[in-house]
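1. Need coordinates for the following:
(2 chains)
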Protein chains: 2
Amino acid sequence: MKKAGILGGGQLGRMLLQSAANYPVETFVMENDLNCPAAHLCHHFTKGDITSFDDVYNFGKGLDVLTIEIESVNEDALEKLEAEGVKIYPKPAALRIIKNKILQKQFYKTNEVPTSDFIITQNAAELGANASFLPAVHKLATGGYDGRGVQVIKKAEDVALGFNAPSVLEKMVHIKKEIAIMIAVSPKGETAIYPPVDMVFDPKLNLLCYQISPADIPEKVFWKAEAIALRVVKELKSPGIFAVELFVDIDDNVLVNETAPRVHNSGHHTIEGNYSSQFDMLWRVLLDYPLGNTDPILPAAIVNLLGSEGFNGPALYEGLNEILTMDNVFVHLYGKTHTKPGRKMGHITILSSEKQELLHKANQILHTLLVKSG
Amino acid sequence: MKKAGILGGGQLGRMLLQSAANYPVETFVMENDLNCPAAHLCHHFTKGDITSFDDVYNFGKGLDVLTIEIESVNEDALEKLEAEGVKIYPKPAALRIIKNKILQKQFYKTNEVPTSDFIITQNAAELGANASFLPAVHKLATGGYDGRGVQVIKKAEDVALGFNAPSVLEKMVHIKKEIAIMIAVSPKGETAIYPPVDMVFDPKLNLLCYQISPADIPEKVFWKAEAIALRVVKELKSPGIFAVELFVDIDDNVLVNETAPRVHNSGHHTIEGNYSSQFDMLWRVLLDYPLGNTDPILPAAIVNLLGSEGFNGPALYEGLNEILTMDNVFVHLYGKTHTKPGRKMGHITILSSEKQELLHKANQILHTLLVKSG
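-> Reported below is the predicted structural model:
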């Protein structure tokens, strides 16, 4: 059996391990928290710091293949491991580009991938000097995640909200909708592309609120989006699975927002909604099996289950019984014992051939299922 | 989080734990083999003997709920645990009936559940005295599993093949087909019934060869089968999930063959083929959530992957790459490091709305994917 490691032990690792049990693979996870969602589902758990060179290097030595479930890992250690023959998917070179938002934007520009205009700002002063570029979104080059490290700056008076550190200032796009495309790349360079999904965000938390697959977009937008997503992964030159998040603007231009080199929230519906889920697909890549079938089984929606405002403590799921009586609804709770406002505690998938049913149930779930504490 | 225990750590436990990760539950497994398929997927693994009173009792103490993935467990310990307030699903009283094939047959007779005629034989002499009852199937009262402890006795000269121990001699039925129905029973006594499946057996190993869902049966047979399966579980008076295996004879009579009080091979297709899988459903029962939706998403077939004849050693999967290129096909390998002839090493599920495609792919898989050793 091949030995496969995962850096990070959150819900993505958890779902990856649920899927791993279909294959002959010995699994290893490293994460600082002994009680993280993935800790008990692997063959071997190592308590360690995924940002530490030594911890990552020692964890990876002797493994056949190593992947990540979060970008904030020590890529120097990954490069050394790669040089020593461990397969690292995504490749450290691709990860370096993606985890730094400045490098990522420059990568799009260099490779003629459509993306919003941007200016690089090294500090608050440089941000202040570019007030004419507003309205824009200021993003920290490194360290942002799930809405942190991202700041909308509409007008000159808001400049103080920006970051006094290397960042990218992205021209505000007149967004009609946001879509995402998951793509897998095999070690041989073959690709498998999932249908685009519509993403609907909570404007306050900047977290995915719900998502519908396949996206409701004109054919022309569909082809543009697929071509752009494919171009991104081809130029990243790395096996793995990638989530390419895209803006469709009011003129139906398609622009890359950002790319994640891993399984992703925008692919969770594939567990039930597609023949090969994003988690199954990544195992096929890691173990060098043929890529899976990305065809949808049925249209799907997912709702993220976030910790309710005002609750911080041991998680209690209010309305769970009602949700579990709903037909064609799949509950995924991530086993996190503690909730806090906006924390991702689970997701719910809905399958239906009727879009109205997907929307109706998504809204019903959003208002019924709450994570509180007691 | 509730604490839930599973006695036995084979593939059924493995798949149960893959599904457990969707729910807030702390999982415990007891099994003698540290490297069993389920060992690494639970929160707490206990090495122990599931037939030992002390081991089962000590394992179950302090748990909220306990289930089984194999019948050969110590039911005295389960009874004591039940008396002390641990929920045991299936209930020990139901398990006692089912795990003894004599009691099981008498249970059907007492409750007017159609089943084949039978005679109880305590030893070889009693078997020999009933040659006029042949052709028949001789089944050991206890200890049989997956084809062991079952002997076809066609004529008087074959009587020596029978068991010199308490057994049941079942009149041979002129079988047109074998079907199975999975039914869940909630702690409140509600039931959820899955559509019947057609089972096709390997006559040599007496193991499930492939299976198609839903079964291709006339409406009248369908209603009879459902009514009989429901009657069985109502009379067993126990929460849990049950597989009721049925014969359809050449006159379209429906007879119960036997019942298993647990997740079962004949329900594996429900992982991908039905909205709530048999594993998801059992968690709903164990955690006292509402029962799930048994509706099929698409018709399904499964093929059991058995260790090839002549190979005994570390498992090698021949043809796996070819199978993984097939569309609408789902591979489940059980992570058993050693293969031996006839050992259940995995199963493959096929989804398709076309029955011909199910059959074609099932046969292709049977002849392509082989478990050898190297």
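2. Who are the packing partners of the helix or strand harbouring residue A:259?
-> According to DSSP states H and E, residue A:259 maps onto strand A:254-260. Using 3 or more CB pairs under 8 Å, 6 or more residues apart in numbering or on different chains; DSSP states H and E, the elements in contact with strand A:254-260 are helix A:92-99, helix A:101-110, helix A:219-236, strand A:240-249. Every residue, glycine included, has its C-beta placed from N, CA and C.
3. For the shortest one, what is the distance to the chain centroid?
-> Distance of helix A:92-99 from the chain centroid (CA atoms, centre = their mean, to the nearest Å) equals 15 Å.
4. so what does that helix touch, helix or strand wise?
-> By 3+ CB pairs under 8 Å, 6+ apart, helix A:92-99 packs against helix A:75-83, helix A:101-110, helix A:219-236, strand A:254-260.
5. Need the CA coordinates for the shortest one. PDB is fine.
-> What it means is strand A:254-260. In PDB, the C-alpha atoms belonging to strand A:254-260 read as follows (Å, rounded to 0.1, in the frame of the first residue of the first chain):
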ATOM      1  CA  VAL A 254     -15.000  36.200 -17.200                       C
ATOM      2  CA  LEU A 255     -12.200  37.100 -14.900                       C
ATOM      3  CA  VAL A 256     -10.200  34.800 -12.500                       C
ATOM      4  CA  ASN A 257     -10.700  35.900  -8.900                       C
ATOM      5  CA  GLU A 258      -8.400  33.300  -7.300                       C
ATOM      6  CA  THR A 259      -7.300  29.700  -7.500                       C
ATOM      7  CA  ALA A 260      -7.000  27.100  -4.700                       C
END
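6. Name the surrounding residues that touch the helix or strand that that strand is followed by.
-> Sequence order places helix A:270-273 as the next helix or strand after strand A:254-260, per DSSP H and E. Under the criterion CB atoms under 8 Å, 6 or more residues apart in numbering or on different chains, residues A:15, A:182, A:194, A:213, A:276-279, A:281, A:294, A:296-300, A:330, A:332, A:349, A:351 lie in contact with helix A:270-273.
7. Please enumerate the helices of the stretch 1-150 of chain A.
-> Taking DSSP state H, counting those that start in this stretch, the helices of the stretch 1-150 of chain A run over residues A:11-20, A:53-60, A:75-83, A:92-99, A:101-110, A:124-128.
8. Residues of chain A that sit close to chain B?
-> Residues of chain A lying close to chain B by CB under 8 Å from any CB of the partner chain are A:1, A:14-15, A:17-18, A:21-24, A:27, A:40-43, A:275, A:284, A:289-290, A:292-293, A:295, A:297-298, A:315, A:317, A:320-321, A:324-325, A:327-328, A:330-333, A:335, A:337, A:351.
9. Which of the residues you listed fall within strands?
-> Per DSSP state E, strands hold the following members of the residues of chain A next to chain B: A:27, A:315, A:317, A:330-333, A:351.
10. got those as TSV, with neighbour count and pLDDT columns?
-> Shown next, in TSV, are these (neighbours: other CB atoms under 10 Å in any protein chain shown; pLDDT from 0 to 100):
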residue	neighbour count	pLDDT
A:27	25	98
A:315	23	95
A:317	19	96
A:330	25	98
A:331	22	98
A:332	22	98
A:333	23	97
A:351	22	98
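11. quick revisit: any idea which of the helices of the stretch 1-150 of chain A is most buried?
-> Highest mean neighbour count of the helices of the stretch 1-150 of chain A: helix A:11-20, a mean of 26 (counted as mean count of other CB atoms under 10 Å in any protein chain shown).
12. Leaving out sequence neighbours, find the closest residue to residue A:240.
-> residue A:90 (3.9 Å; CB to CB, 6 or more residues apart in numbering or on different chains).
13. residues contacting the most centrally placed residue in chain A?
-> Nearest to the geometric centre of chain A sits residue A:264, at 3.1 Å (CA atoms, centre = their mean). Applying CB under 8 Å, 6+ apart to residue A:264 gives the contacts A:12, A:180, A:182, A:241, A:243, A:278.
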